[in-house]
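**Q** Here is the input, now give the coordinates:
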Amino acid sequence: MRRLPIAWIPIPLLFVLVVGCGTAERVFDRGERTAIDVVDPFIGTAGDHGQLHPAASLPFGMVKLGPDTLIRGHAGYDYNVSRIRGFSHTRIGGVGCSGAGGNILLRPSIGARPWFAVPVDKCTETAEPGYYAVTVVDDPHAIRSELTVTDHAGFHRYWFPASGEATIFLNVNRPFDTAEGSCWSVNATGDEISGSVSGRNVCGRGRYTIYFSALFSRPFDSLQAVPGNGGGSNAYAGFRLDGDEAILVKVGLSSVDVDEARSDRDREIPAWDFERVRAEARGRWERHLGLIEVEGNADEETLFYTMLYRSSLVPVNITSGSGQYRGTDGEVHAAPGYEHYHCWSLWDTYRTKYPLITLIDPDRASDMLRSLVDLYVQGKTDWSGDNEPFPTVRTEHAVALLLDGLRKGIEGFGLEEAFAAIVDESNALPLDSPDRRLEASYDLWATAHIAAALGEDDVYQEVLTRSAAYRTTWEETFREMGDDADVMHAQGLYEGTLWQYRWAVVHDIPGMIGLAGGASDFRDQLDEFFDSELYNHGNEPDLHVPFLFNFVGTPWRTQALVRTILTRPMNQWYGTHVKWTRPFHDQIYRPEPAAFIPEMDDDAGTMAAWFVLASIGLYPVTVGQPVYQLTAPIFPAVAIHLDGDPAGRAVFTIAAEGLSEESIYVQSATLDGEPLDRAWIRHDELAAGGELRFTMGPEPNESWGAAPEDAPPGAFEGE
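**A** Presented below is the predicted three-dimensional model:
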């Protein structure tokens, strides 16, 4: 976390920084230092090295209130740029194209034309989860600008020096992608501006509408409408200053209407106490980040908790305080007894982030699964439709998450309501390229097992048979690797090579091993893939491949590879669309603004969640099968609070005795005191709490987890 120079900290702020708000019952004694103290929201925010942002947010909160720089990435911000357009309320981290969001932007100024970008003093820029601050240099004036949030509202505090007339510019017509329209009006007392904004989603796919209501701490002394980009108008609010003064603004957002935006704002921020709201946000984050405890060196702890933080921003709770939300069909719906979530990027995130949430916060995961059921019922598309209630990306592989939740014991999310739409989706899966045919087979497998769970035996048999069609594609395209095997986008592939998609049959790994010639041949092919530096951690298609050595008797190879990916320099050759002429050589994850390899987007928490899971030694290769692959953690001690409550009783601990920079290989393991000879673990073995203990050494134990009978179970026919 970056701190303000002491001269800039207002007196009330010092109290908040010293006194924490968390109530977690910790397994490890860390003294006064908590997880939030090591999070650095600037990691991954420089250039094209993550495409992230330092905006203030709550865990899965609707508001992402932060700066929009003059030159920006997908999420509106580039750490290297020292001029800003203002502070907007919505964004998604690292999702490509122009991103989505950037709505309802405020800019404080004194006398300047506020639609021009202005410098900020980077030395004063600071952020922690739930808070952001910087000084706007509106020459010759300096305006200290502070931001904090609740679930559905952003809270601004602008410290104006005594000098003439201050202005706050409200821009409702310049989102990150194309603006689709806006409207606003002023209340009778002249201190509130309310309205709605619409824009295009990521890559121009579909349209969203958000409602807002902005309440100022004092009435405007003047208000001017100024033209907006592409039509519509923006607001230019003026205030006469009598001395040094802070003007505050509370901005509520809603998917439903303006009245709900106003109601949620006033319910969540009833007074003008900025420090109280900031402290409450800090407490929320301390509780959430406390769901996993780790002990390690400073850089590794910073990366871990920052990645856990990044994994916890989207999707967002769009349910109003009255229990309503607007669905993807454009209609207002009730959410009785649960929170409805939106803002999906499932093609990426289903692989890592949702299994992580299911593990540590099953109640929230249940609400997210219920929200996916709602999505199916209301008219799910692969990307986004024209009536979305919030910025969003894409929704492929939702069916795998529904199966995953079902098999991990999450109940009551209404799966049967979505079944007809799931079957319809299974009959319309795209099959026009090799990668899509493999991915379709995976979705069909998940659909078949949902059918079996619901007693739809005829559907199960028919769809399971269709899911085996991957074999034809694999034999024709992937058995023998041709001249185009290392060409990005060959044969119509999406952001990958044939080598990287070759291993994508996650629902039938034993079947894929058989097609490759058996375990020995498959192992040799994996060795060729990694030894030839064909692996690309900058995108999702092959993220699971380091863990496939567990399936062919060489889990020590997984242990070495994962350790390297997490903590050591290595060569990476691939951008999003091309293979570079020279490799990038460095650590893939680094605790700095240029955190990731070039062009490696975080993709709404996908890459962050990979780090979290792999670093504690767990990975879900087959989402939809309640099994995790095991590898050596990078921390000597881990505690996972499994019931979504850091003060709860269900804790699973992982210990790595003798772990060091050299001793990275598992020599033996026990589970609850009993010998464990396999490199995998079932979800139910984790979920009740217990202890996994590794003994580590500097040389591989090539016998541990190597016996054929200890191989991970296949998922194709079920367990």
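**Q** the helices in the stretch 401-550 of the chain, which residues?
**A** 415-426, 434-453, 457-467, 470-473, 498-501, 509-515, 519-531 (DSSP state H, counting those that start in this stretch).
**Q** what's the burial count for Leu543?
**A** Using other Cβ atoms under 10 Å, Leu543 has 23 neighbouring residues. Heads up, the C-betas are built off the backbone N, CA and C, glycines and all.
**Q** Go ahead and confirm it touches Lys353.
**A** No. Leu543 is beyond contact range of Lys353, at 11.7 Å (criterion: Cβ atoms under 8 Å).
**Q** overlap in contacts of those two?
**A** Residues within reach of Leu543 and of Lys353 at once, by Cβ atoms under 8 Å, 6 or more residues apart in numbering, are Thr606.
**Q** And the closest residue to Gly511 other than its chain neighbours, how far from Phe478?
**A** Using Cβ to Cβ, 6 or more residues apart in numbering and skipping the chain neighbours, the partner closest in space to Gly511 is Phe716 (6.0 Å). Per Cβ to Cβ, to the nearest Å, Phe716 is found 17 Å from Phe478.
**Q** Repeat that for Asp684.
**A** 34 Å.
**Q** again with Glu599
**A** When Cβ to Cβ is the yardstick, Glu599 and Phe478 sit 25 Å from each other.
**Q** and what of Gly690?
**A** Distance of Gly690 to Phe478, given as Cβ to Cβ: 39 Å.
**Q** neighbour count winner among the two?
**A** Phe478 (23 against 17).
**Q** residues in contact with the more buried one?
**A** With contact set as Cβ under 8 Å, 6+ apart, Phe478 has these partners: 434, 498, 501-502.
**Q** now, which of these sits nearest Lys579?
**A** Leu498 (12.4 Å; Cβ to Cβ).
**Q** Could I get the full set of strands for the stretch 1-150 of the chain?
**A** Using DSSP state E, counting those that start in this stretch, the strands of the stretch 1-150 of the chain run over residues 66-69, 83-88, 105-109, 118-128, 131-138, 141-149.
**Q** Walk me through the domains of this protein.
**A** Using automatic domain parsing, the domains assigned to the chain come out as 6-289, 547-714.
**Q** Could I get the phi/psi values of Ala298?
**A** Here is the backbone geometry of Ala298 (degrees, to the nearest 10): phi -60, psi -50.
**Q** didn't it look like it was pressed against Arg33?
**A** No. Ala298 lies out of contact with Arg33 (Cβ under 8 Å); the separation is 10.5 Å.
**Q** For Gly164, report the pLDDT, please.
**A** Gly164 is assigned 78 on the pLDDT scale.
**Q** Verify the stated contact: it with Ser109.
**A** No. With contact defined as Cβ under 8 Å, Gly164 does not reach Ser109; the gap is 11.1 Å.
**Q** how about low-confidence regions in the stretch 551-700 of the chain?
**A** Scanning the stretch 551-700 of the chain with the threshold set as pLDDT under 70 gives 649.
**Q** wait, what's in contact with Tyr338?
**A** Contacts for Tyr338 were tallied using Cβ under 8 Å, 6+ apart; they are 366-367, 370.
**Q** what's the closest of these to Gly154?
**A** Distance ranking of the contacts of Tyr338 against Gly154, using Cβ to Cβ, places Asp367 first at 22.9 Å.
**Q** ok now the strand or helix carrying the closest one, how far from the chain's centre?
**A** Element membership of Asp367, judged by DSSP states H and E, is helix 362-379. With Cα atoms, centre = their mean, to the nearest Å as the basis, helix 362-379 stands 17 Å off its chain's centre.
**Q** Quick one: residues contacting the residue nearest to the spatial centre of the chain.
**A** Nearest to the geometric centre of the chain sits Gly605, at 2.5 Å (Cα atoms, centre = their mean). Contacts for Gly605 were tallied using Cβ under 8 Å, 6+ apart; they are 93, 310-314, 349, 352-353.
**Q** neighbour-wise, which of these leads?
**A** Ranked by the number of neighbours (other Cβ under 10 Å), the contacts of Gly605 place Gly93 first, at 31 neighbours.
**Q** what about the helices in the stretch 251-400 of the chain?
**A** With DSSP H, counting those that start in this stretch as the criterion, the stretch 251-400 of the chain has helices at 258-268, 274-289, 298-310, 346-349, 353-360, 362-379, 398-407.
**Q** want to try TSV for those, with mean pLDDT as columns?
**A** Formatted as TSV, these follow (pLDDT from 0 to 100):
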stretch	mean pLDDT
helix 258-268	98
helix 274-289	98
helix 298-310	97
helix 346-349	98
helix 353-360	98
helix 362-379	98
helix 398-407	98
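**Q** out of these, which comes closest to His49?
**A** Short answer: helix 298-310, nearest of the helices of the stretch 251-400 of the chain by Cβ to Cβ, at 13.2 Å.
**Q** could you give the angle of the closest one to helix 274-289?
**A** Interaxial angle of helix 298-310 relative to helix 274-289 (axes from the mean of the first three to the mean of the last three Cα atoms, to 10 degrees): 100 degrees.
**Q** list the helices and strands helix 298-310 packs on?
**A** helix 274-289, strand 292-295, helix 606-615 (3 or more Cβ pairs under 8 Å, 6 or more residues apart in numbering; DSSP states H and E).
**Q** Pick the most buried one from those.
**A** For these, the largest average neighbour count (mean count of other Cβ atoms under 10 Å) is found in helix 606-615, namely a mean of 28.
**Q** List of residues touching that one?
**A** When contacts are defined by Cβ under 8 Å, 6+ apart, helix 606-615 is touched by residues 50, 94, 292, 294, 300, 303-304, 306-311, 345, 348-349, 351-353, 355-356, 537, 540, 543, 562, 565-566, 589, 596, 600-602, 619-620, 631, 633-635.
**Q** I'd like the distance from that helix to the chain centre, please.
**A** Its chain's C-alpha centre and that of helix 606-615 lie 10 Å apart, by Cα atoms, centre = their mean.
**Q** Give me the sheet partners of the following helix or strand past that helix and which way each runs.
**A** Following helix 606-615 in sequence order, the next helix or strand is strand 618-619 (DSSP H and E). Its sheet considered, strand 618-619 pairs with strand 627-630 (antiparallel) by DSSP bridges.
**Q** Could you look up the next helix or strand downstream of the strand it pairs with?
**A** In N-to-C order, the element after strand 627-630 by DSSP H and E is strand 637-641.
**Q** Contacts for that following strand, please.
**A** Applying Cβ under 8 Å, 6+ apart, the set of residues contacting strand 637-641 from outside is 24, 27-28, 290-295, 359-360, 616-617, 648, 650-656, 686.
**Q** Can I get the buried part of those residues as one PyMOL selection?
**A** Only the buried entries of the contacts of strand 637-641 go into this PyMOL selection, using 16 or more other Cβ atoms under 10 Å:
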select buried, resi 24+27+290+291+292+293+294+359+360+616+617+650+651+652+653+654+655+656+686
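**Q** got the contact list for the closest residue to His489 other than its chain neighbours?
**A** Of all residues not flanking His489 in the chain, His577 sits nearest, at 6.8 Å (Cβ to Cβ, 6+ apart). Applying Cβ under 8 Å, 6+ apart, we find His577 in contact with 488-489, 495.
**Q** buried subset of the residues you listed?
**A** For the contacts of His577, buried by 16+ other Cβ under 10 Å: 488, 495.
**Q** Between the contacts of His577, which sits nearest Asp121?
**A** When the contacts of His577 are ranked by distance to Asp121 (Cβ to Cβ), Glu495 comes first, at 38.3 Å.
**Q** which residues does the closest one contact?
**A** Residues near Glu495 by Cβ under 8 Å, 6+ apart: 488-489, 539, 541, 576-577.
**Q** Check Ala56 too.
**A** By Cβ under 8 Å, 6+ apart, the contact list for Ala56 reads 63-66, 127, 129-132, 147-149, 154, 281.
**Q** what's the pLDDT at it?
**A** The model reports Ala56 with a pLDDT of 98.
**Q** For it, give its distance to Ala608.
**A** Separation of Ala56 from Ala608 (Cβ to Cβ): 18 Å.
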